[in-house]
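Participant: This is a predicted model, with the sequence first.
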Amino acid sequence: MSGTGAINIAIPVGSPTRRSDKRRLALGRNLAAGGFLAPATILFTVFVVLPVVEAAWYSFYRWNGYGIPTDWVGWRNYLTLFNNSVFASAAWNTALVVAVSLLVQLPLGLALALMVARNSRSSMIFRTIFFLPYVLGEVAAGLIWRFVFDGNVGLMAAAARKIGIEAPFILADPDLAIYAVLTVVVWKYFGFHMMIYIAGLQDIPREMREAAEIDGASRWQSLRYVILPMLWPAIRISIFFSVVGALQLFDVVMPLTGGGPSNATHTFVTFQYTFGITRMNIGFGSAMGVVIFLICVTFTLLYRRFVMRDAG
């Protein structure tokens, strides 16, 4: 008791009052986090989880999309899918798109990024030119290149006649049409990856490059030992986008070849659209959708586990 008659009460550090305050603070933080996460969780559930579950359910039925599915066929749609020769061709074409994207498109984007990374006026002009194909819509790009490859009135046909040779009918040849698709894919998306690499190059400190030059490193040594290691975060993001985009390729192929000729240029998604949706075989198309989903999820999990594990 003090001289004024007031009583001072000391509350121990580990008292119930302190613990109660900590609980309320933790509860408030959890409620705030839940409030922020709830809208995203609801949207993810409605637009991703439920459609996938619904597609998985439909895949066990023979169903044309009308009414309630009642004709249970079990795993028959999946067995039909894996025994389908066109599906095998679509899987091969999708693998080709992935390979060309990784081995041609990404190196091209990186090379151009190294050329136009400086903030000069000429570099800005070339960046814009190289990025324009990506800005162009996929359907528009497919239609433009369909005109270019047309063996009757296309630009390649006109150029061939100009030099006195027979006009090639690339889009009508089952062996050549897939190369037209690969060409358009590289042309359409290399600018997107170029911009990713440019952003990564701008994050590399200038002092690092200058130090390499002072130490006598050649351009190749500087690229190999300084630039590429520090650009790796941008490269792995680019690889992820490239593979996932290739697995879902659709909008470029349909206006360019429609999956033809003779079903020679189908990818996973164009196969699903042609043999599932347009033919009103929704159960079969749902089975294909489940397969695509599982492939994408498997790749994403493995990529995150082995490539992105040290990100951030």
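Facilitator: Great, that's in hand.

Participant: Now do the contacts for the nearest residue to G142 once chain neighbours are set aside.
Facilitator: Leaving aside its chain neighbours, G142 sits nearest to P255 (3.3 Å; criterion: CB to CB, 6 or more residues apart in numbering). Any C-beta I mention is one placed from the backbone N, CA and C, and that applies to glycine too. Counting by CB atoms under 8 Å, 6 or more residues apart in numbering, P255 makes contact with V139, G142, L143, R146.

Participant: my guess is P255 is in a helix, correct?
Facilitator: Yes: counting by DSSP: H, G, I helix; E, B strand; the rest coil, P255 falls inside a helix.

Participant: What pLDDT is listed against it?
Facilitator: pLDDT, the model's per-residue confidence, is 95 for P255.

Participant: how about the contacts of P255 in CSV, adding secondary structure?
Facilitator: As requested, the contacts of P255 are exported to CSV (three-state DSSP):
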residue, secondary structure
V139, helix
G142, helix
L143, helix
R146, helix
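
Participant: Buried only: go through those residues for me.
Facilitator: G142, R146 (16 or more other CB atoms under 10 Å).

Participant: Tell me which two of the contacts of P255 sit farthest apart.
Facilitator: For these, the maximum inter-member distance is 10.5 Å, found between V139 and R146 (CB to CB).

Participant: lowest-pLDDT helix or strand in the protein?
Facilitator: helix 16-44 (a mean of 72; mean pLDDT, DSSP states H and E).

Participant: May I see the buried residues of whichever helix or strand V290 is part of?
Facilitator: Following DSSP states H and E, one finds V290 within helix 282-306. For helix 282-306, burial by neighbour count (16+ other CB under 10 Å) applies to I282, G283, F284, G285, S286, A287, M288, G289, V290, V291, I292, Y303.

Participant: State the distance from V226 to G285.
Facilitator: Plainly put, V226 is 49 Å away from G285 if you go by CB to CB, to the nearest Å.

Participant: That should have said L102, apologies.
Facilitator: Look at L102 and G285: by CB to CB, they are 28 Å apart.

Participant: Give me the below-cutoff pLDDT ranges for the stretch 201-312 of the chain.
Facilitator: Along the stretch 201-312 of the chain, the parts satisfying pLDDT under 70 run over 310-312.
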